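A.B. asks: coordinates only, sequence not included:
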């Protein structure tokens, strides 16, 4: 079964690039640009891997992460956080919020693809 | 900082070939007292200073050494700079440096001021990078756009399986991202430029103050120019005020707008100066800049602005009338302000400009300094005898009355103060007059305590003076109840 990736990122061109890259690797890719809409989708139909931008409209990535980790059904959902805020404090906040992997912008395509592959369940989706 | 006058008197006496006995006789003191003055163990002031100046053919300003004292204060600041502690500079040598190598002394002071300004700029930018939400948002936007550009470029460069349609799409994305990134980058550069330019370099204000102090005749010239305008009859401020009020109450007047009389008169006077005196004041400013090589344009602009300000004040409060009324009121600044439509700023500025060492005396105002502060406590302008104000320029000592609670409740606060070098001051802080940006300005006037003995503030001389210093770290008043941090030296 194909692993499903949800990209939560408000920069449309990054979404297009990541969608192309991950689809090429065999992932089923969906995307949302708004934090609140993303939360609704995650709780309704959880992905296998979440690629989450930290700075989002309405609800930011850190808050989304905290909500997920507060739900027993989503506390183990693999999350790759992408952010331009790369200081130690931001990383510490992300780790305290339960992030699986943390990556700062700008990143290379190979890095983000490898990270998603690492987080994806073996042999595709759940 | 009072040490240079004695040296100067001695040197000048020797130039003129006078003995101590001869000079002492001419100025009416004993030779032994003159000897104490020349050794800086006594300070000449008031009438005696005037007599010595006449005997030595030196102006009060030249004899008094105000400019050199300010330069020495800047060199002392340089010597105390923690960043230069390894140089082992001895602040006591600054007087000799000024006396023997005045140009090098000025250059060193200026270089240090520029260095501190640069450090402050770096600190400001560092703070803004860490805490400025606008800057953080712009940096984040730039990094996000760079990410999109990089990802797209890598796809185009590395992927053999990109369809023609996808390739065209990614090429379009690259072009769009490149434009957005360049716009964001340009905006960020402008934002940094605004950050730097919003800070006025301290050296410009220091330079203007020094020019005004060195050329004491500028005050007389401005007063004469204002007198000439008044003589034409075009500057009848009362008539102008009546016309302004008629306009403000007319059918086109903004609803609900109340402008006090002080503000109206200030505006009218400023307009008259602009109309009648702008070219003359520009020429006057330019004529005094020729001896200050490499002065930036901002120095000339600030000097012109100050001369215009003084001319407008002279229109509103002509010199003779101001001195007469001030003397009658024994220089009670609150009472004087009430006589001029509550404009505390006008009173403080006129006193700082017209004060003389011989005052207070009939027709002579006491020597004074004026500092104008905004609501945040930043010093905007300084005038008059700047030795009476704190060095460096900011009021970092909490004992200055500028922020006394009484000021905000009653509009005026007065305090007797004692500086670490022995100078005693009476400081009067007032608000009142035209507002700026919706907030009041604080006008602080400082008068030498000995001169204050002849004013309405003489009762303060029976109170204990509060200690004042530069900053707690550099202040010698170890027992001050208001101290915020231990002294840097001898702690």
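C.D. replies: All right, it came through fine. Remember, predicted model here, so these are calculated numbers, not experimental data. Numbering: from 1, shown residues only, chains lettered A, B, ... in the order given.
A.B. asks: mind checking which helix or strand of the chain has the lowest mean pLDDT?
C.D. replies: Picked chain A for this. In chain A, no helix or strand scores lower on mean pLDDT, DSSP states H and E than helix A:88-97, which sits at a mean of 78.
A.B. asks: chain B, not that one
C.D. replies: Min over SSEs of chain B, mean pLDDT, DSSP H and E: helix B:405-410 (a mean of 55).
A.B. asks: which is the next helix or strand following that helix?
C.D. replies: strand B:412-419 (DSSP states H and E).
A.B. asks: I'd like the next helix or strand past that following strand.
C.D. replies: According to DSSP H and E, the helix or strand after strand B:412-419 is strand B:424-431.
A.B. asks: next, the angle strand B:412-419 makes with that following strand.
C.D. replies: Orientation of strand B:424-431 against strand B:412-419 (axes from the mean of the first three to the mean of the last three C-alpha atoms, to 10 degrees) gives an angle of 150 degrees.
A.B. asks: what pairs with the next helix or strand after strand B:424-431, parallel or antiparallel?
C.D. replies: Using DSSP H and E, the helix or strand that follows strand B:424-431 in sequence is strand B:442-448. According to DSSP bridges, strand B:442-448 forms sheet pairs with strand B:368-373 (antiparallel), strand B:424-431 (antiparallel).
A.B. asks: surely residue A:52 is in contact with residue A:63?
C.D. replies: No: the criterion here is C-beta atoms under 8 Å, and residue A:52 misses it with residue A:63 at 10.7 Å. Placement of C-beta: from N, CA and C, glycine included.
A.B. asks: which of those two has more residues huddled nearby?
C.D. replies: residue A:52 (27 against 16; other C-beta atoms under 10 Å in any protein chain shown).
A.B. asks: what helices or strands is the strand or helix carrying the more buried one leaning on?
C.D. replies: Using DSSP H and E, residue A:52 falls within strand A:49-53. If contacts are counted by 3 or more C-beta pairs under 8 Å, 6 or more residues apart in numbering or on different chains; DSSP states H and E, strand A:49-53 sits against strand A:4-8, helix A:61-69, strand A:79-83, helix A:109-119.
A.B. asks: quick one: buried residues of the last one?
C.D. replies: Buried residues in helix A:109-119, counting neighbours by 16 or more other C-beta atoms under 10 Å in any protein chain shown, are found at A:109, A:112-113, A:115-116, A:119.
A.B. asks: what's in contact with it?
C.D. replies: With contact meaning C-beta atoms under 8 Å, 6 or more residues apart in numbering or on different chains, helix A:109-119 is reached by A:5, A:17-18, A:21-22, A:25, A:27, A:49, A:51, A:78-80, A:82, A:100-101, A:103, B:151, B:154-155, B:158.
A.B. asks: what about 10 Å?
C.D. replies: Applying C-beta atoms under 10 Å, 6 or more residues apart in numbering or on different chains, the contact partners of helix A:109-119 are A:3, A:5, A:7, A:14, A:17-18, A:20-22, A:24-27, A:29, A:48-51, A:77-80, A:82, A:100-103, A:105, A:107-108, B:147, B:150-155, B:157-159.
A.B. asks: give me the buried entries from those.
C.D. replies: A:3, A:5, A:7, A:14, A:17-18, A:20-22, A:27, A:29, A:48-51, A:77-80, A:82, A:100-103, A:105, A:107, B:147, B:150-153, B:155, B:159.
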